[in-house]
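Q: model this:
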Amino acid sequence: MILELDPERPVPRKIRQIVEALRKGEVVIYPTDTCYGMGADIFNKKAIEKVYQIKGIPKTQPFSFICADLSHISQYARVSDLAYRILKRYLPGPYTFILEGSRQVPKMMLTKRKTVGIRIPDHPVCLEIVRQLGNPIISTTVSQADEVFSDPREMAKRFGKQIPIIVDSGIITPEPSSVISLVDDEIEVLRRGKGSCADFE
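A: Prediction:
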């Protein structure tokens, strides 16, 4: 089902509908400031496994996840004073920050180094979804094989039988987030994307 949502003023009733689907263990497609994401509740193992299956990627490839705000991040990652200052300056925005994960993060969401990738996109729809859900959702670009999707109508044709809710907030040309590692207070640019990396180099 395609669910149309104004990207600036999302209707609360429709947000609740998305949240209810996530709580039932469904996968949803939602907008961010860099692309459309394929998401599931990070505490629902079966839903996350379904995302791996839909995308056709190995489970060894970790997903990042979306938090609602900085206090939310502190529940799921170890945030030093330096990291906090950086996060406060650059989020919400088109960045994924790599931090050491906390004990609250499910094991399947951690890398071998026990780190996590965390986002706070500058997009009202996905942030409101996470706020109402009460915990993070995974963040992975809507893609399959080498094809990345920008139009929700095309996503509905491809994934409509597997994903019950596809949010339509208009076409979003995919541009990956910049990935910055802050582990051990060592700043390292891992991927240059939409967010400027000038201050991190």
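Q: only C-alpha atoms for contact and neighbour calcs from this point on.
A: Will do.
Q: Other residues contacting stretch 173-184?
A: Contacts made with stretch 173-184 from outside it, assessed by Cα atoms under 8 Å, 6 or more residues apart in numbering, are listed as 34-36, 83, 94-100, 115, 148-150, 187-197, 200.
Q: Stretch 115-128 now?
A: 5, 7-10, 15, 30-34, 63-69, 73, 77, 91-101, 109-110, 183.
Q: Same question for stretch 94-113.
A: With Cα under 8 Å, 6+ apart as the criterion, stretch 94-113 contacts 33-34, 42-43, 62-64, 75-79, 114-122, 176-183, 193-195.
Q: which strands and helices sit next to the lowest-mean-pLDDT helix or strand in the chain?
A: Ranked by mean pLDDT, DSSP states H and E, the helix or strand of the chain with the weakest confidence is strand 143-144, at a mean of 89. Contacts defined by 3 or more Cα pairs under 8 Å, 6 or more residues apart in numbering; DSSP states H and E place strand 143-144 against helix 45-55.
Q: Any buried residues in the helix it packs on, and which?
A: Ala47, Ile48, Lys50, Val51, Tyr52, Ile54, Lys55 (16 or more other Cα atoms under 10 Å).
Q: right, and the helix or strand after the helix or strand containing Thr96?
A: Following DSSP states H and E, one finds Thr96 within strand 95-100. Downstream of strand 95-100, the first helix or strand assigned by DSSP H and E is strand 115-119.
Q: Show only the entries of the contacts of stretch 94-113 found in helices.
A: Among those, the members falling in helices (DSSP state H) are Gln75, Tyr76.
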